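Chemist: just coords:
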């Protein structure tokens, strides 16, 4: 359990999302509110995958968005992460409530590394070079790993590969490139946690703050849709979750102390009351493990089940999803808080799912659809056994 220490008072003060609903936080917020889905048929000429449809980020072409410089070898997952963090740093997110921005609105649009970074120009005030990054993933880019491995096997020599693409095979490439592009020299961490990655990065960021390693942290998660990921999902899914539509995207938020937020004119969107995790050896045990984790979280934050005003569950497919719904029914009983169903709109985003769930709660708070001080519960469950929950209190 990570409770928010009183001396630190962590608050989420800005956020953004690059999702199948659009490239901006405003697109994500309005899309969720409208209830529209984003699943579209896949062109078999372009995609050699076992699925007929997917939820893809629209018009996401890396070189058009980030420019031609330094993007020749950038893979999709890195491009999604760099773009999301660029939007957040340049003040183009939907969040912040009064967070003024320094510098121009270019925010790296011309593909120059550090345009929204380095010297602090063109970025949110107070988000300096010592800002940390905690980014969640599953394996990084499975496509990059498989492509590079294939090139080494089919080439005339094993070393006849493009060395510029080797960094893409490393799990922390997206976080590292994001820091380089935006001139961030604080702690830089990649956490591979599957569906729980978003909550795991939040816990890690809280620990960075508590230890005094970073007062300001950009945390979130990213997932890509590629042929490699599609085939891996196809071969590892159980029969009862084979119909879930895959999605992709990145969601990132700014975690800082309440004092830092006030100093730079940001009122904040939500306080982080606590984060709790557990483990289940199999889906049959996941119901009890998640229910216990949620009860511990509510107990340690002094929140009654009936006081929860919003619920953003993982909507995991198959047995895990059934276990999650049963666990929440066990804890909440007949209480029915406002449910935020992100997967219905953007598909199964796996490693980015919990990050999108948090972003959805922040969107609700920003629109004023839940009253200030309302507890919002975010839950997750991964097929590898990790279960978790976070409690946010809206501002």
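Modeler: Arrived safely, thanks for sending. Because the structure is predicted, anything quoted here is derived from the model rather than measured.

Chemist: which residues does residue 42 contact?
Modeler: 49, 51, 52, 53, 54 (Cβ atoms under 8 Å, 6 or more residues apart in numbering). All C-beta atoms are positioned from the backbone trio N, CA, C, and that covers glycine.

Chemist: number of nearby residues for the residue nearest to the first one when sequence neighbours are not counted?
Modeler: Counting by Cβ to Cβ, 6 or more residues apart in numbering, the nearest residue to residue 49 once its immediate chain neighbours are dropped is residue 230, at 3.8 Å. Around residue 230 sit 20 other residues, with neighbours defined as other Cβ atoms under 10 Å.

Chemist: the one 5 residues further on too?
Modeler: Counted with other Cβ under 10 Å, residues neighbouring residue 235 total 8.

Chemist: what of the one 10 residues further on?
Modeler: Using other Cβ under 10 Å, the number of residues around residue 245 comes to 20.

Chemist: I figured it hits residue 52, correct?
Modeler: No: counting by Cβ atoms under 8 Å, residue 245 does not reach residue 52; the two are 9.2 Å apart.

Chemist: which stretches in the stretch 251-395 of the chain count as helices?
Modeler: According to DSSP state H, counting those that start in this stretch, the stretch 251-395 of the chain carries its helices in the segments 258-263, 283-300, 318-332, 342-346, 353-367.

Chemist: and those helices, which is most packed in?
Modeler: Comparing those by mean neighbour count (mean count of other Cβ atoms under 10 Å), helix 353-367 ranks first with a mean of 28.

Chemist: which ones are touching the residue nearest to residue 49?
Modeler: Contacts of residue 230 (Cβ under 8 Å, 6+ apart): 47, 49, 50, 51, 54, 246.

Chemist: in strands, which of these appear?
Modeler: residue 54 (DSSP state E).

Chemist: returning to that earlier point: I'd like the average pLDDT over whichever helix or strand the residue nearest to residue 49 is part of.
Modeler: Per DSSP states H and E, residue 230 falls inside helix 227-236. Predicted confidence along helix 227-236 averages 93 (mean pLDDT).

Chemist: for this structure, what helix or strand is lowest in average pLDDT?
Modeler: strand 2-3 (a mean of 56; mean pLDDT, DSSP states H and E).

Chemist: which strands and helices sit next to the helix or strand following that one?
Modeler: Using DSSP H and E, the helix or strand that follows strand 2-3 in sequence is strand 10-18. Secondary-structure packing of strand 10-18 (3 or more Cβ pairs under 8 Å, 6 or more residues apart in numbering; DSSP states H and E): helix 25-34, helix 76-89, helix 197-210, strand 249-257, helix 258-263, strand 270-279, helix 353-367.

Chemist: if you count neighbours, what's buried in the helix holding residue 230?
Modeler: Of the residues in helix 227-236, 227, 228, 229, 230, 231, 232, 233 count as buried by neighbour count, 16 or more other Cβ atoms under 10 Å.

Chemist: hang on, the earlier thing: so can I have a markdown table of the helices of the stretch 251-395 of the chain showing mean pLDDT and distance to residue 188?
Modeler: Listed next are the helices of the stretch 251-395 of the chain as a markdown table, based on pLDDT from 0 to 100; distance: least, Cβ to Cβ, whole Å:
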| stretch | mean pLDDT | distance to residue 188 |
| --- | --- | --- |
| helix 258-263 | 92 | 19 |
| helix 283-300 | 96 | 28 |
| helix 318-332 | 95 | 30 |
| helix 342-346 | 96 | 27 |
| helix 353-367 | 96 | 17 |
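
Chemist: adding distance to residue 252, write the ones you listed out as a markdown table.
Modeler: A markdown table is the format used below for the helices of the stretch 251-395 of the chain (distance: least, Cβ to Cβ, whole Å):
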| stretch | distance to residue 252 |
| --- | --- |
| helix 258-263 | 16 |
| helix 283-300 | 23 |
| helix 318-332 | 24 |
| helix 342-346 | 15 |
| helix 353-367 | 7 |
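
Chemist: any idea which of those gets closest to residue 199?
Modeler: Comparing the helices of the stretch 251-395 of the chain against residue 199 with Cβ to Cβ, the closest turns out to be helix 353-367 (4.8 Å).

Chemist: report the buried residues of stretch 54-74.
Modeler: Neighbour-count burial for stretch 54-74 flags 54, 55, 56, 57, 60, 62, 65, 66, 67, 71, 74 (criterion: 16+ other Cβ under 10 Å).

Chemist: just stretch 377-388 next, same as before
Modeler: For stretch 377-388, burial by neighbour count (16+ other Cβ under 10 Å) applies to 377, 378, 379, 380, 381, 382, 383, 385, 386, 387, 388.

Chemist: just checking, which of these belong to strands?
Modeler: Reading strands off the buried residues of stretch 377-388 with DSSP E, I get 377, 378, 379, 380, 381, 386, 387, 388.

Chemist: so which of those is the closest to residue 211?
Modeler: Among those, residue 388 lies closest to residue 211 (Cβ to Cβ), at 20.6 Å.

Chemist: so the closest one sits against residue 276, correct?
Modeler: Yes: contact criterion Cβ under 8 Å: residue 388 and residue 276 qualify, at 6.6 Å.

Chemist: overlap in contacts, the two.
Modeler: residue 293.

Chemist: distance check, residue 297 against residue 159.
Modeler: Separation of residue 297 from residue 159 (Cβ to Cβ, to the nearest Å) stands at 51 Å.

Chemist: what do you get for residue 378?
Modeler: Following Cβ to Cβ, the distance that separates residue 378 from residue 159 is 46 Å.

Chemist: again with residue 230
Modeler: Here residue 230 is placed at a distance of 29 Å from residue 159 (Cβ to Cβ).

Chemist: pretty sure residue 330 contacts residue 287?
Modeler: Yes: Residue 330 is within contact range of residue 287, at 7.2 Å (criterion: Cβ under 8 Å).

Chemist: could you list the low-confidence segments of the protein?
Modeler: 1-8, 92-122, 239-242 (pLDDT under 70).

Chemist: for residue 316, what are its contacts?
Modeler: Residue 316 neighbours (Cβ under 8 Å, 6+ apart): 195, 324, 353, 380, 381, 382, 383.

Chemist: got it, and residue 345?
Modeler: Counting by Cβ under 8 Å, 6+ apart, residue 345 touches 20, 21, 31, 32, 35, 36, 37, 38.
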